[in-house]
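Engineer: Any chance you could fold what I've pasted below:
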Amino acid sequence: MTISRREFVKLMGLAGAAGMMPGSIFAAAKQPSNLYEVPKFGNVSLLHFTDCHAQLNPVYFREPNVNLGFGYGLGKAPHIVGDAMLQHFNIKPGSIEAHAFTFLNFDEGANQFGKIGGFAHLSTLINQLRDARGPGNSLLLDGGDTWQGSGTSYYTRGKDMVGACNRLGVDVMTGHWEFTYLDKEVISNVNDFKGDFVAQNVGVNEEALFDYKFADFEDFNEDEGLAFKPYTMKTVGGARVAVIGQAFPYTPIANPSRFIPDWTFGIQDESMQNIVDMVRDTEKPDVVIVLSHNGMDVDIKMASRVSGIDAIFGGHTHDGMPAPTIVNNKGGKTLVTNAGSNGKFLGVMDLDVKDGKVRDFKYRLLPVFSNMLEADKEMQSYIDEVRKPYKAELDEELAVAEETLFRRGNFNGTFDQVICDALIKVNDAQISLSPGFRWGTTVLPGQKITMDHVMDQTCITYPETYRREMKGSEIKAILEDVCDNLFNADPYYQQGGDMVRLGGLDYVCDPTAGMGKRIQNMTLDDGTAIEADKGYMVAGWATVGSKSPGRPIWEVVADYLRDQKSIKIDKLNTPKLVNVKGNPGIDAYVKG
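Structural biologist: Okay, here's the model as predicted:
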């Protein structure tokens, strides 16, 4: 059974229109003397991280100051930033939690509290929590985007992260960027992974089923046409826990399908409902959870349409939410969580499970501050060893940052602008286009920009650049398409990234307008209006279709940084926004 209305009311009280718990557990309750003091509660402990993007060492990561929501998302998590987020979750301004969960006073907080994440430090925290809960009482979940995002993951084809997750003790994972390696590499990595890789929505297309090249893969289900296990059963704290996997549904659209030609993806509500019903009927679980890489908005909609799920542990959109969203559906209620990115957070959901149902729960999203957690020696030794062959290259100092270089946010970040400026300068272009990826670490003022940082921003398996002429109408069509992906009124038409980044081009954006009408008044940097039928020289990278002819983007950016030596952004090509006044998803926005 799902968690009942009465149980939620008894525990926390229902929130108002926002549909949220009244505040984060750590903020609403008496603050423990130790940030990582999480007393044991109940008998089932579910630990969750997601979207670490192969960051084995501690990093800086600035949260967004723009995460706009409209309609269903206006004023609700995850579309709240800055002061609005502090108020929403009852977080004290200036606190260590305020630094972890918002962009506010980022540089000051980063200097005060230090870096976040790092698998050696995450390992220490996980071991501490698992030890406190006792053997067999916890489950470690990885929401995916684990094997991609660093130089070492690229060079080892994700093997470095498989080894790290095995040492971390990951029990179950699902995927997204994992599928941007070749299909044979994905299968090899899943075979090497000691936990369960689950994905109920990844099928084998009918044509490939006749002579499937991975027919001997242990998890392949020929009868159901599924490439991986749809779910797994675990016994935790004496309770039977079902974990159903939901991989990123738009993988062949957002990433090159040529790497994984035999596999199909999708949201598949009906399939999810059938899996939940089947699992509840045949496996008789006490708890049913979904380990998802949908993105938080999609998870919230799915939770409203599919009943029988106690909790969704979500990823993809990098939303570090201090408390779950409570979603109503015909079967009761479902908790929806999202645990940020880059190894910055660890979600801890403790459940009191009795008589075949969840009676009570507590939730904390713990920031992983490397200065406050001793590095696990065994994990650190592994990290040092796996990075050793590439260390000299990755440690190369290319330039010095004269301001904070970051990415995350609906529109251009300063490190994105560096990439766009590099494309224009090195490729002699008028305009540049760069994907609105949400991964990519932050560099502080005065910090040396290394090749490691560049790889953190650009490291994908289709990094080739291009330089070609585009008509003004083509450029507008690209911007409109990506903007619709970001602001479509239906979450199921959103793919979870941010707006395409631009160099050399300004525009006005109305996120509330319909498709084809959001992008207005496009001009070059000098103010010259873009003409629909005129050609412009455009440089870019990360084409999803056929392979581009140019050098990898990291070589282009590295050349630019070596030449510049120090980096301060002259102009940030952020759009002028209209119809966003009073929206709690925007704070301290500067039009470049």
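Engineer: how close does the closest residue to G343 other than its chain neighbours sit to T124?
Structural biologist: Leaving aside its sequence neighbours, G343 sits nearest to G117 (CB to CB, 6 or more residues apart in numbering; 3.1 Å). To be clear about C-beta, it is placed using only N, CA and C from the backbone, and glycine gets the same treatment. Computed as CB to CB, to the nearest Å, the G117 to T124 distance reads 12 Å.
Engineer: One more: E469?
Structural biologist: For E469, the distance to T124 - CB to CB - is 53 Å.
Engineer: Which one of these two is surrounded by more residues?
Structural biologist: T124 (22 against 12; other CB atoms under 10 Å).
Engineer: Which residues are in contact with that one?
Structural biologist: 373-376 (CB atoms under 8 Å, 6 or more residues apart in numbering).
Engineer: Tell me, please, where in the stretch 101-250 of the chain the pLDDT is lower than the cut-off.
Structural biologist: Residue ranges of the stretch 101-250 of the chain with pLDDT under 70: none are present.
Engineer: the strands in it, which residues?
Structural biologist: All strands of the stretch 101-250 of the chain, identified by DSSP state E, counting those that start in this stretch, fall at 138-142, 172-173, 196-197, 203-204, 231-236, 239-246.
Engineer: Give me the helices and strands touching the first one, please.
Structural biologist: Secondary-structure packing of strand 138-142 (3 or more CB pairs under 8 Å, 6 or more residues apart in numbering; DSSP states H and E): strand 44-49, helix 119-133, strand 172-173, strand 231-236, strand 239-246.
Engineer: got those as CSV, with distance to K362 columns?
Structural biologist: Formatted as CSV, these follow (distance: least, CB to CB, whole Å):
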stretch, distance to K362
strand 44-49, 10
helix 119-133, 12
strand 172-173, 21
strand 231-236, 16
strand 239-246, 16
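Engineer: Nearest to K547, out of the ones you listed?
Structural biologist: Among these, strand 172-173 comes nearest to K547, with 28.7 Å by CB to CB.
Engineer: What strands flank the closest one, and is each parallel or antiparallel?
Structural biologist: When pairing is defined by DSSP bridges, strand 172-173 lines up against strand 138-142 (parallel), strand 196-197 (parallel).
Engineer: Dump the contacts of T124 into TSV; add secondary structure as well.
Structural biologist: TSV is the format used below for the contacts of T124 (DSSP: H, G, I helix; E, B strand; the rest coil):
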residue	secondary structure
L373	coil
E374	coil
A375	coil
D376	coil
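Engineer: Of these - the most surrounded one?
Structural biologist: Busiest of these [other CB under 10 Å] is D376, holding 22 neighbours.
Engineer: Tell me which residues touch that residue, please.
Structural biologist: Per CB under 8 Å, 6+ apart, neighbours of D376: 120-121, 123-124, 127.
Engineer: Count the neighbours of E270 for me.
Structural biologist: Residues near E270, counting by other CB under 10 Å: 10.
Engineer: that's a helix at it, yeah?
Structural biologist: Yes - with three-state DSSP as the criterion, E270 is part of a helix.
Engineer: V44 bridge partners, please.
Structural biologist: Legend: beta-bridge partners of V44 under DSSP bridges are L351.
Engineer: mind giving me the domain split of this structure?
Structural biologist: 5-59+115-382, 395-577 (automatic domain parsing).
Engineer: Now distance to F70 too, for these, in a markdown table please.
Structural biologist: What follows is those, written out as a markdown table (distance: least, CB to CB, whole Å):
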| stretch | distance to F70 |
| --- | --- |
| domain 5-59+115-382 | 11 |
| domain 395-577 | 6 |
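Engineer: Pull up the distance across stretch 134-151, start to finish.
Structural biologist: Stretch 134-151 stretches 36 Å from its first residue to its last (CA to CA, to the nearest Å).
Engineer: picking up where we left off before, quick one: which of the domains of the chain has the weakest pLDDT on average?
Structural biologist: Among the domains of the chain, domain 5-59+115-382 carries the lowest mean pLDDT, a mean of 92.
Engineer: Pick out the most distant pair among the contacts of T124.
Structural biologist: L373 and D376 (8.9 Å).
Engineer: Find residues that contact each of these two.
Structural biologist: Between them, L373 and D376 share the contacting residues 121, 124, judged by CB under 8 Å, 6+ apart.
Engineer: In which helix or strand does P511 reside?
Structural biologist: Taking DSSP states H and E as the definition, one finds P511 inside no helix or strand.
Engineer: give the contact list for the nearest residue to it once chain neighbours are set aside.
Structural biologist: Distances taken as CB to CB, 6+ apart put F487 closest to P511, at 4.4 Å, once the chain neighbours are dropped. Neighbouring residues of F487 by CB under 8 Å, 6+ apart: 68, 70, 511-512, 518.
Engineer: Relative to I96, which of the domains of the chain is closest?
Structural biologist: Between those, domain 5-59+115-382 lies closest to I96; by CB to CB that is 6.8 Å.
Engineer: re earlier: can you redo the strands paired with strand 172-173 as a markdown table with mean neighbour count?
Structural biologist: Shown next, in a markdown table, are these (neighbours: other CB atoms under 10 Å):
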| stretch | mean neighbour count |
| --- | --- |
| strand 138-142 | 24 |
| strand 196-197 | 24 |
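Engineer: quick one, which of those strands is nearest to H99?
Structural biologist: Per CB to CB, nearest to H99 of the strands paired with strand 172-173: strand 138-142, 25.0 Å.
Engineer: what's the closest one in contact with?
Structural biologist: 44-50, 126, 129-130, 165, 168-174, 195, 234, 236-237, 241, 243, 291, 313.
Engineer: ok and the helix or strand hosting D297 relative to strand 239-246, angle-wise?
Structural biologist: Applying DSSP H and E as the criterion places D297 in helix 296-305. Computed by axes from the mean of the first three to the mean of the last three CA atoms, to 10 degrees, the angle separating helix 296-305 from strand 239-246 equals 120 degrees.
Engineer: Let me know the next secondary structure element after helix 296-305.
Structural biologist: Following helix 296-305 toward the C-terminus (DSSP H and E): strand 311-314.
Engineer: From the contacts of D376, list just the buried residues.
Structural biologist: 120-121, 123-124 (16 or more other CB atoms under 10 Å).
Engineer: right, and M499 touches D481 too?
Structural biologist: No - under the criterion of CB atoms under 8 Å, M499 is not in contact with D481, lying 10.8 Å apart.
Engineer: Those two: which is more packed in?
Structural biologist: Neighbour tally, M499 and D481, criterion other CB under 10 Å: the higher count belongs to M499, 25 against 13.
Engineer: Need the three-state assignment for that one.
Structural biologist: From three-state DSSP, the assignment for M499 is coil.
Engineer: Looking at the contacts of D376, which is nearest N34?
Structural biologist: T124 (13.2 Å).
Engineer: could you measure the closest one against H318, distance?
Structural biologist: Taken as CB to CB, the span from T124 to H318 is 23 Å.
Engineer: Check D219 too.
Structural biologist: D219 is 28 Å from H318, by CB to CB.
Engineer: Between those two, point out the one with more neighbours.
Structural biologist: The neighbour comparison of D219 against H318 (other CB under 10 Å) goes to H318, with 28 against 18.
Engineer: In terms of secondary structure, what does the helix holding D297 contact?
Structural biologist: Going by 3+ CB pairs under 8 Å, 6+ apart, helix 296-305 lies up against helix 269-282, strand 287-292, strand 311-314, strand 325-329, strand 332-338.
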